[in-house]
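Visitor: Would you be able to build a 3D model of this:
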Amino acid sequence: MKQYLTISIFLLWLASSFCSEGQALLTKNDSVRVKKDTTIQFFVKDFRGNVQWQKKPNGLTWSDMPGKTTPVLVIQPDMEAAYRAMVKEGSCRPVYSDTAFIIFVKASVSTNPVTSFSSNSAVCGGTVLDDGGAAVTARGVCWSISPDPTVSGNKTTNGQGPGTFTANLSGLTGNTPYFIRAYATNSKGTSYGNQVTFITKPDASNSITDIDGNVYQTVKIGAQTWMKENLRVTHAPDGSAIESTLCDEQNKVLYGLIYSWYTAMNGSVAEKAQGICPKGWHIPSDEEIKILEISLGMSRAVADLGNTWRGSPVGTLLKVGGSSGFEFPLGGLNSSPGVCYNTGSAGYLWSSTTSLSGNPWRRCFDTASSVGRWDTWPKNYGLSIRCVKD
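Guide: Here you go, the predicted model:
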């Protein structure tokens, strides 16, 4: 335990000395932090008469300390109190020394690093470095998705007293930034340690990982489960390198990569081929994309229309910020290797279905609210890819 010792000067000179990892002398109006096992000595000098040391516990009145009648008073700082020497000579009025105060403060605590975490849990902790003089009655870790969490929100309770403790957080959300702080509570209040941040791992039930280790969040719309991010893989499922175009380095996660139909299908011409999708997922057929559109309110008759814009406001629902959760960005295209067009203003999605023309069906999105369905571009054009779960 540690305390603060504060000295205020009244009449006679009061000096105090203590021994804790070395020695020091307190002077007027100074304070020093000391350990409970420290011996504190108060003494008066250059006086005539008899000394009687007095004590006033916090909130009470002054009273004589039995047997404490020498110029030196030795105490242990184990409670909040004021101390002074009363000096009296004969029938003269007593005079009093400066008053020394032992006061307690809030505990001091540090937050330890997060040692492990998953999509919904984390292991962390803290260390109560200094109890402030009063017993630490509660300690733990509080956390939030906003900075500076407090005990009024989510928190653990991990024992009492000083020392290091471990805390287990649960009920977290996958792929989410969290802020944590250790706390310690004593009679003077609650104090907090330094803030630590971490991001939980993606929820395995709501994400899929490609062969390169890229993690994609997924979304269920109707009876289908889709990636809610454009594919950005650079290897086929067998590990061989594939051709792709990166149109925006700074927004790679948002826009993904773009692929020719040949590359996306990985040599297959069959509808619903796995192509370059992760195992258990495939390149959507034209019909599967129609089912997605119909689940968002497009009629079958409108969904079947070709080589036209149709189905407002389904385009808005499917794009980034739309309520469907599909989050399709306007990632552009390329019609020749390495050359990008319309990035940020239009986006295009291959299907695995070819029409009677021999060209694949695709979907087109721009700033309007409808969705285009066309089969007019050759298979060597580069478009975005979304995978759908088998």
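Visitor: Quick check: pLDDT value at the closest residue in space to residue 337 that isn't next to it in sequence.
Guide: Leaving aside its sequence neighbours, residue 337 sits nearest to residue 245 (CB to CB, 6 or more residues apart in numbering; 7.0 Å). For the C-beta atoms, the positions are set from N, CA and C on the backbone; glycine is no exception. Reported pLDDT at residue 245 in the predicted model: 93.
Visitor: Might you report the residue contacts of the residue most central in space within the chain?
Guide: When CA atoms, centre = their mean is applied to the chain, the residue found nearest the centroid is residue 178 (1.7 Å). The neighbours of residue 178, taking CB atoms under 8 Å, 6 or more residues apart in numbering as the test, are 122, 143-145, 169, 172, 197-200.
Visitor: residue ranges with poor pLDDT in the stretch 151-300 of the chain?
Guide: Screening the stretch 151-300 of the chain residue by residue with the criterion pLDDT under 70, one finds the ranges 204.
Visitor: All the helices of it, residue numbers only.
Guide: Along the stretch 151-300 of the chain, counting by DSSP state H, counting those that start in this stretch, helices occupy 252-255, 261-265, 286-295, 300-303.
Visitor: Could you single out the most deeply buried of these?
Guide: helix 261-265 (a mean of 23; mean count of other CB atoms under 10 Å).
Visitor: just how off-centre is that one within its chain?
Guide: In terms of CA atoms, centre = their mean, to the nearest Å, the centre of helix 261-265 is found 39 Å from the chain centre.
Visitor: For residue 149, which non-adjacent residue is spatially closest?
Guide: In space, residue 149 comes closest to residue 142 once its chain neighbours are excluded; the distance is 4.4 Å by CB to CB, 6+ apart.
Visitor: What count of nearby residues applies to that neighbour?
Guide: Other residues within reach of residue 142 by the criterion other CB atoms under 10 Å amount to 23.
Visitor: Was I right to think it contacts residue 148?
Guide: No - counting by CB atoms under 8 Å, residue 148 is not a contact partner of residue 142; they are 9.5 Å apart.
Visitor: Only alpha carbons, please: show stretch 98-105 as PDB.
Guide: This file holds the C-alpha atoms of stretch 98-105, laid out as PDB (Å, rounded to 0.1, in the frame of the first residue of the first chain):
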ATOM      1  CA  ASP A  98       2.800  22.400  11.900                       C
ATOM      2  CA  THR A  99       0.200  19.800  11.000                       C
ATOM      3  CA  ALA A 100       1.100  16.800   8.900                       C
ATOM      4  CA  PHE A 101      -1.700  15.000   6.900                       C
ATOM      5  CA  ILE A 102      -1.800  11.400   5.800                       C
ATOM      6  CA  ILE A 103      -4.200  11.200   2.900                       C
ATOM      7  CA  PHE A 104      -5.300   8.300   0.600                       C
ATOM      8  CA  VAL A 105      -5.800   8.600  -3.100                       C
END
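Visitor: end to end, how far does stretch 273-283 reach?
Guide: One end of stretch 273-283 to the other measures 6 Å (CA to CA, to the nearest Å).
Visitor: can you check stretch 345-363 too?
Guide: From the first residue to the last, stretch 345-363 extends over 14 Å; the measure is CA to CA.
Visitor: Check stretch 143-156 too.
Guide: Start-to-end span of stretch 143-156 (CA to CA) is 9 Å.
Visitor: The host helix or strand of the residue nearest to residue 149: which residues count as buried?
Guide: Per DSSP states H and E, residue 142 falls inside strand 138-144. In terms of neighbour count (16 or more other CB atoms under 10 Å), strand 138-144 has its buried residues at 139-144.
Visitor: swap in stretch 197-217?
Guide: Along stretch 197-217, the positions that meet the burial threshold by neighbour count (16+ other CB under 10 Å) are 198, 200-203, 206-208, 210-211, 214, 216-217.
Visitor: Need the residues that contact it.
Guide: With contact meaning CB under 8 Å, 6+ apart, stretch 197-217 is reached by 114, 117-120, 122, 172-180, 218, 227-229, 231-237, 239, 277-278, 280-281, 387, 389.
Visitor: Determine how far the last residue of it lies from the first.
Guide: Here the two ends of stretch 197-217 are set 22 Å apart, with distance taken as CA to CA.
Visitor: What of stretch 241-257?
Guide: Criterion CA to CA; first-to-last residue distance in stretch 241-257 is 14 Å.
Visitor: How about residues contacting it?
Guide: Under the criterion CB under 8 Å, 6+ apart, external residues in contact with stretch 241-257 comprise 229-236, 258-260, 263, 266, 276, 320, 329, 331-332, 334, 337-338, 340, 343-344, 382, 384-385.
Visitor: What about those, which are in strands?
Guide: 259-260, 334, 340, 382 (DSSP state E).
Visitor: got the contact list for residue 345?
Guide: Contacts of residue 345 (CB under 8 Å, 6+ apart): 330, 332, 366-367.
Visitor: Out of those residues, which end up buried?
Guide: 330, 332, 366.
Visitor: what's near enough to touch the last one?
Guide: Under the criterion of CB under 8 Å, 6+ apart, the contact partners of residue 366 comprise 315, 330, 345-347.
Visitor: farthest-separated two in these?
Guide: Across these, the two members that end up farthest from each other (CB to CB) are 315 and 345, 13.7 Å apart.
Visitor: Quick check: closest non-adjacent residue to residue 386.
Guide: Residue 386's closest residue in space is residue 227 (CB to CB, 6+ apart), at 5.4 Å.
Visitor: re the thing from before, now tabulate the helices of the stretch 151-300 of the chain in a markdown table and tack on distance to residue 132.
Guide: Compiled in a markdown table, these are given as follows (distance: least, CB to CB, whole Å):
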| stretch | distance to residue 132 |
| --- | --- |
| helix 252-255 | 46 |
| helix 261-265 | 64 |
| helix 286-295 | 60 |
| helix 300-303 | 69 |
